[in-house]
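Peer 1: return atomic coordinates for the entry below.
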Amino acid sequence: MKIKISNGNTIFLAFLVLFPIFMSPFILVKGDRNSNSNGQMSQAAANNSYFAKIPSNPNVYDEVTTYSDRNLTKASDEIKPDSKISIQKIETNDKGIPVFKFTNGFYAKASHKQFYDDKQLSRQKLSKAKNYWTSEKVTVFDRPYVVGVKPKKSAVTTYSKIQVTEKATTNHGTYFLVKGQGWIDAKTLSDKDERINKVQNILNQKYNDADKYSIYVKQLDTEKTAEINGDKVMYSASVSKLPLLYYVQEQLDEGKIETSKTFTYASAVNNFKRAYKPEGSGDISKTSNNQKYSVGELVQAVAQHSDNVATNILGYYVANQYDSNFQKSIKDAIGSNWDMKERKVSAKTAGLMMEAIYQQNGDITNYLSSTEFDNQRIAKNIPVKVAHKIGDAYDYRHDVAIVYADSPFIISVFTENASYDDITVIADDVYKILK
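Peer 2: I've put the predicted structure just below:
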C-alpha cells in the first residue's frame with residue numbers, strides 16, 4: 001500500500017509498520033547468565049563496566065561488601081584485598097545488574113571497579129643483567145606476585161647484592177627475577193648499596209652503651225656512615241699517633257723530606273711539652289743515645305710497633321713539636337683540631353684521620369697493615385687486608401682501621417672498661433655485613 005504526500009513523494013506503508021519493531025528491546029532465551037528473571041538482558045551487562053565471565057583469579061581493589069540476596073539489599077559480610085574468593089556464577093538481578101554469586105551463597109556487584117582478574121600483565125627478559133641491592137625486608141616468590149602466590153625459601157638475604165635477568169608486572173607492581181632464586185618486588189630493591197643501614201641496626205641493637213662504646217663506621221665508596229656515640233670524647237692514647245703519621249706522609253709526598261733523611265735521638269726529643277713518655281711501647285732505647293734514625297725507620301717503628309720514642313723523634317723534628325703548620329694540616333684534613341697533649345678525641349675524629357691516611361695511599365698504610373697487634377682487636381679475624389692503629393691506656397682500649405673489603409670501609413672503635421675481644425666481636429659483626 002502507498003500513501004500519497006502533498007509534495008509528490010511517497011513511502012512504503014510497510015516501512016512505517018516495521019520501524020517500531022526495529023526499535024524495541026532485544027529478547028533473549030530465558031535463563032541466559034546475563035539475563036534477568038524475565039529473560040531480558042540488562043543494559044549494565046551490555047557495557048564493559050561489569051564482568052561477562054568469571055575471572056580466573058579474582059581479587060578486589062578495596063574492601064567490598066557482600067549481600068545475602070541477589071538484589072543487594074541485605075549486607076552480610078566483606079571481602080578484603082588479597083583474600084581467597086570463590087565465585088560460583090554470574091547472574092543478573094531484578095534491577096538488571098550483573099552480580100557474582102559466591103560459593104558461600106552471598107552476592108556482590110560483578111563490577112570492574114571493585115573486582116579484577118589478578119594475573120601477570122607482562123614479562124620480558126632484560127637485554128643485560130642488572131645489579132641491585134636488597135633492603136631491610138626481602139620476600140622471594142616462585143612467580144611474579146599475584147594473590148595466591150606464596151613466599152619461598154631463598155638464599156637471598158637483606159642488604160645483599162643481587163643480579164636480575166627478567167622483569168614482570170602484575171596489578172601489585174613490578175617484579176624482578178633473581179636467577180636460581182625467584183622473583184622479588186622492585187619496591188624492595190635499590191640500585192645503591194644500602195648495607196650501612198644494616199650496620200646501623202646492629203650497632204643500635206648490640207652496642208648502644210654510651211658509657212662503654214664510641215663506634216664510627218664509614219663506607220668509603222658510598223661515603224655513608226653508621227655510628228653509636230660517635231662524638232663521645234675519650235682519651236685516645238696511641239691513636240693520637242695517626243695525625244703524626246699523616247703529616248709525615250704529607251711531607252714525603254710534597255718532597256719536603258725523604259725517607260732516607262736522618263735525625264739524632266737527642267734528650268730533647270723526649271722532653272718537649274707534647275711528647276709521649278719514652279717508657280711506653282716500642283723497641284727504641286728509652287733514653288737518648290745520640291743515634292741517628294732515618295725517617296723510614298721511624299715511620300715503620302711508629303706504625304708497626306707504636307713506638308713512643310720514634311713518635312717523639314718525628315714529632316720533634318718533622319712536626320716541629322706539633323706547631324701551627326702541623327695543626328693547620330690536620331684541621332684541613334679532618335675539619336677539626338687535634339690536641340696532641342691532651343689527646344682527647346672521639347671515635348669519629350679518629351676515623352676521619354684514618355680516612356685521610358687512606359686517601360694519601362702511601363707506604364704508611366702498608367706498615368699499618370703489618371703490625372705486632374694484628375692478632376688482636378679489629379684485625380684478629382678479618383681475612384682481608386686491615387691497616388689499623390691501636391691505643392691503650394688505663395681502662396681505655398681502642399682500634400681504628402681501614403678494612404680493604406670489596407667496598408673498603410673505616411671502622412673506629414673506642415672503648416672504656418671493655419676488652420680486646422669486645423672490639424673483635426664488633427669488627428666481626430660489621431665485616432660480615434660489609435665484606
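
Peer 1: low-confidence ranges, this protein, go.
Peer 2: Along the chain, the parts satisfying pLDDT under 70 run over 1-47.

Peer 1: show me how it divides into domains.
Peer 2: If you go by automatic domain parsing, the domain ranges for the chain are 13-117, 122-190, 197-258+324-434.

Peer 1: so for residue 303, which of those domains sits nearest?
Peer 2: domain 197-258+324-434 (3.5 Å; Cβ to Cβ). Glycine gets a C-beta too; all of them are placed from N, C-alpha and C.

Peer 1: switch the domains of the chain over to CSV; also include distance to residue 264 and mean neighbour count.
Peer 2: Shown next, in CSV, are the domains of the chain (distance: least, Cβ to Cβ, whole Å; neighbours: other Cβ atoms under 10 Å):
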stretch, distance to residue 264, mean neighbour count
domain 13-117, 81, 15
domain 122-190, 54, 16
domain 197-258+324-434, 15, 19
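
Peer 1: let's have the ones you listed in CSV, adding distance to residue 307.
Peer 2: Converted to CSV, the domains of the chain look like this (distance: least, Cβ to Cβ, whole Å):
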stretch, distance to residue 307
domain 13-117, 67
domain 122-190, 40
domain 197-258+324-434, 9
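
Peer 1: closest one to residue 297 among these?
Peer 2: Judging those by Cβ to Cβ, what sits closest to residue 297 is domain 197-258+324-434, at 11.0 Å.

Peer 1: that closest one: how far from the chain's middle?
Peer 2: Averaging C-alpha positions (Cα atoms, centre = their mean, to the nearest Å) puts domain 197-258+324-434 23 Å from its chain's average.

Peer 1: now the end-to-end length of that domain.
Peer 2: Distance between the two ends of domain 197-258+324-434: 11 Å, counting by Cα to Cα, to the nearest Å.

Peer 1: repeat for stretch 315-324
Peer 2: 13 Å.

Peer 1: equivalent analysis for stretch 365-374, please.
Peer 2: 14 Å.

Peer 1: give me the contacts around it.
Peer 2: 245, 299-300, 303-306, 357-358, 379-380, 385-390, 402, 404 (Cβ atoms under 8 Å, 6 or more residues apart in numbering).

Peer 1: can you flag which of those residues belong to strands?
Peer 2: 386-390, 402 (DSSP state E).

Peer 1: farthest pair within those residues?
Peer 2: Checking the ones in strands among the contacts of stretch 365-374 with Cβ to Cβ, the most distant pair is 390 and 402, at 13.7 Å.

Peer 1: what segments of the stretch 51-200 of the chain are helices?
Peer 2: Assigned by DSSP state H, counting those that start in this stretch, the stretch 51-200 of the chain shows helices spanning 195-206.

Peer 1: all strands for it, in order.
Peer 2: All strands of the stretch 51-200 of the chain, identified by DSSP state E, counting those that start in this stretch, fall at 58-60, 64-67, 75-79, 87-92, 98-102, 107-109, 115-117, 122-134, 140-141, 161-170, 173-178, 182-185, 189-190.

Peer 1: got a list of contacts for the fifth one?
Peer 2: Think strand 98-102. Contacts of strand 98-102 (Cβ under 8 Å, 6+ apart): 34, 42, 44-45, 50-51, 54, 66, 70, 72, 85-93, 107-110, 115.

Peer 1: look up how far residue 144 lies from residue 128.
Peer 2: 20 Å (Cβ to Cβ, to the nearest Å).

Peer 1: cool, and residue 364?
Peer 2: Distance from residue 364 to residue 144, by Cβ to Cβ: 52 Å.

Peer 1: again with residue 307
Peer 2: Taking Cβ to Cβ, one finds residue 307 at 62 Å from residue 144.

Peer 1: swap in residue 74?
Peer 2: From residue 74 to residue 144 the distance is 39 Å (Cβ to Cβ).

Peer 1: same question, residue 378
Peer 2: 43 Å.

Peer 1: same question for residue 325.
Peer 2: From residue 325 to residue 144 the distance is 63 Å (Cβ to Cβ).

Peer 1: follow-up on the earlier one: so which of the strands of the stretch 51-200 of the chain is nearest residue 420?
Peer 2: Closest approach to residue 420 among the strands of the stretch 51-200 of the chain is made by strand 161-170 (31.8 Å; Cβ to Cβ).

Peer 1: which strands or helices does that closest one pack on?
Peer 2: Contacts defined by 3 or more Cβ pairs under 8 Å, 6 or more residues apart in numbering; DSSP states H and E place strand 161-170 against strand 122-134, strand 173-178, strand 182-185.
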